[in-house]
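**Student:** Turn this into a model:
(chains A and B)
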There are 2 protein chains.
Amino acid sequence: MEAGLLFSGGKDSALAAIMLARDYGTELNTCVFDPDREVPQVHAAATLLGLPFRKRVLGRDLLDEAVDLLLACGYPNDAIDTVHRAAVEMLAGDYAVVADGTRRDDRVPGLDRSEIQRLEMTTGCSYVRPLLGYGKPEVERLAERFFLVVYGETGSIGNGDYEQEIRSAIRARGIDPAPFFPSHHLQSLVVGRRKT
Amino acid sequence: MEAGLLFSGGKDSALAAIMLARDYGTELNTCVFDPDREVPQVHAAATLLGLPFRKRVLGRDLLDEAVDLLLACGYPNDAIDTVHRAAVEMLAGDYAVVADGTRRDDRVPGLDRSEIQRLEMTTGCSYVRPLLGYGKPEVERLAERFFLVVYGETGSIGNGDYEQEIRSAIRARGIDPAPFFPSHHLQSLVVGRRKT
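**Tutor:** Have a look, this model is predicted:
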């Protein structure tokens, strides 16, 4: 496959998948920390898109690193960025084009200009973000055209975001994860495809 | 029409047009200062894309303002940004979605975050940049798939960039425009469509 997209099953990465697949042979990649974690609803979302799917294992060391970072910072941004960077770098080993579903208004996760330059220079791959030029209202408008989407807080829906495993790992250290994450942040999961 | 794209006939805005037209009813808009300026090669490029075309007149006052700004700055960036902002605002009066062909590595023209926010809040339109998530190598790779492109310095090819009229206006003031612009900056013009 020409392009590998980081895919959570949510509306943003699903829309990015549709856009990317118009120009590139595209494979969807969902990253987990625990090799035993299954992501059937994400796989189902990939199937709805008609695109091949791979589960990728980032490993428990990265999870520990992310949790350490989050607890040290007191908020999740740097931890999520670290995980996202590792995921992008993993894909850069396998594809000529590495892509994700970040959009214009996303603050996290994101690679800055120098990280992108380093990634592209050292790996020879291209880093592509099909939604970067689109604000939230347009992403929602287009996603609405293509998909049936359900929304819920992390843990209540089976999408493939990193937050769920990070929360569990914090809990396993005897710490309540809730205060470290913004409340009422809704995740999305694509559960159907509209005729277009 | 749902979306209006700023179109120069060059490879970037032509690729942006193809991408945008997959999701939006799209009209191509080329801005000139002088109402008498004809842009047949830009119109021909729009016809190759199979999309409707409109010439828009920004007017001589804006041209004078741009030339004053350029001469005061000693370089064209702020002048080009000013013209581009006026062009985007003109389109915002006519379309729900206003788009351009700026890509990730473009420094000029560009609206910054607060200008975009102000534009979208005051007009209710969405500002979309289909190529913003793509670096130069991917834009060239995709443009190469879709188009036959010719390259040349400003004035030597008939594309619809603002620079040509700004240079003429500087010359009309008895000043040599050459030192104000980067040398060896190639413009592009789409002159054919490849079968895809």
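
**Student:** What residues does chain A have near chain B?
**Tutor:** Within chain A, the positions lying close to chain B (Cβ under 8 Å from any Cβ of the partner chain) are A:19, A:22-23, A:97, A:102, A:104, A:116, A:120, A:126-135, A:137-138, A:142, A:145. Placement of C-beta: from N, CA and C, glycine included.

**Student:** all strands in chain A, in order from the N-terminus.
**Tutor:** Secondary structure of chain A by DSSP state E: the strands cover A:3-6, A:26-32, A:53-57, A:97-99, A:126-128, A:147-153, A:186-193.

**Student:** okay, these in CSV with mean pLDDT and mean neighbour count next?
**Tutor:** CSV is the format used below for these (pLDDT from 0 to 100; neighbours: other Cβ atoms under 10 Å in any protein chain shown):
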stretch, mean pLDDT, mean neighbour count
strand A:3-6, 98, 26
strand A:26-32, 98, 24
strand A:53-57, 98, 16
strand A:97-99, 98, 27
strand A:126-128, 98, 23
strand A:147-153, 93, 16
strand A:186-193, 94, 19
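
**Student:** Reformat the ones you listed as a markdown table; add distance to residue B:195.
**Tutor:** Listed next are the strands of chain A as a markdown table, based on distance: least, Cβ to Cβ, whole Å:
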| stretch | distance to residue B:195 |
| --- | --- |
| strand A:3-6 | 22 |
| strand A:26-32 | 22 |
| strand A:53-57 | 31 |
| strand A:97-99 | 23 |
| strand A:126-128 | 24 |
| strand A:147-153 | 31 |
| strand A:186-193 | 29 |
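
**Student:** In chain A, where is pLDDT below threshold?
**Tutor:** Along chain A, the parts satisfying pLDDT under 70 run over A:196.

**Student:** what's the longest helix along it packed up against?
**Tutor:** Using DSSP state H, we find that the single longest helix of chain A is helix A:77-92. In terms of contacts (3 or more Cβ pairs under 8 Å, 6 or more residues apart in numbering or on different chains; DSSP states H and E), helix A:77-92 is packed against strand A:3-6, strand A:26-32, strand A:53-57, helix A:60-73, strand A:97-99, helix A:113-123, helix A:163-172.

**Student:** Distance from the chain centre to that helix, please.
**Tutor:** 9 Å (Cα atoms, centre = their mean, to the nearest Å).

**Student:** Let me have it in PDB, keeping just the CA atoms, if that works.
**Tutor:** Listed next in PDB are the C-alpha coordinates belonging to helix A:77-92 (Å, rounded to 0.1, in the frame of the first residue of the first chain):
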ATOM      1  CA  ASN A  77      -1.300  17.100  25.800                       C
ATOM      2  CA  ASP A  78       2.400  16.300  25.800                       C
ATOM      3  CA  ALA A  79       1.700  12.600  26.400                       C
ATOM      4  CA  ILE A  80      -0.800  12.400  23.500                       C
ATOM      5  CA  ASP A  81       1.700  14.200  21.300                       C
ATOM      6  CA  THR A  82       4.500  11.800  22.300                       C
ATOM      7  CA  VAL A  83       2.300   8.800  21.400                       C
ATOM      8  CA  HIS A  84       1.100  10.300  18.200                       C
ATOM      9  CA  ARG A  85       4.700  11.000  17.100                       C
ATOM     10  CA  ALA A  86       5.700   7.400  17.800                       C
ATOM     11  CA  ALA A  87       2.700   6.200  15.800                       C
ATOM     12  CA  VAL A  88       3.500   8.400  12.900                       C
ATOM     13  CA  GLU A  89       7.200   7.200  13.000                       C
ATOM     14  CA  MET A  90       6.100   3.600  13.100                       C
ATOM     15  CA  LEU A  91       4.000   4.000  10.000                       C
ATOM     16  CA  ALA A  92       6.800   5.900   8.300                       C
END
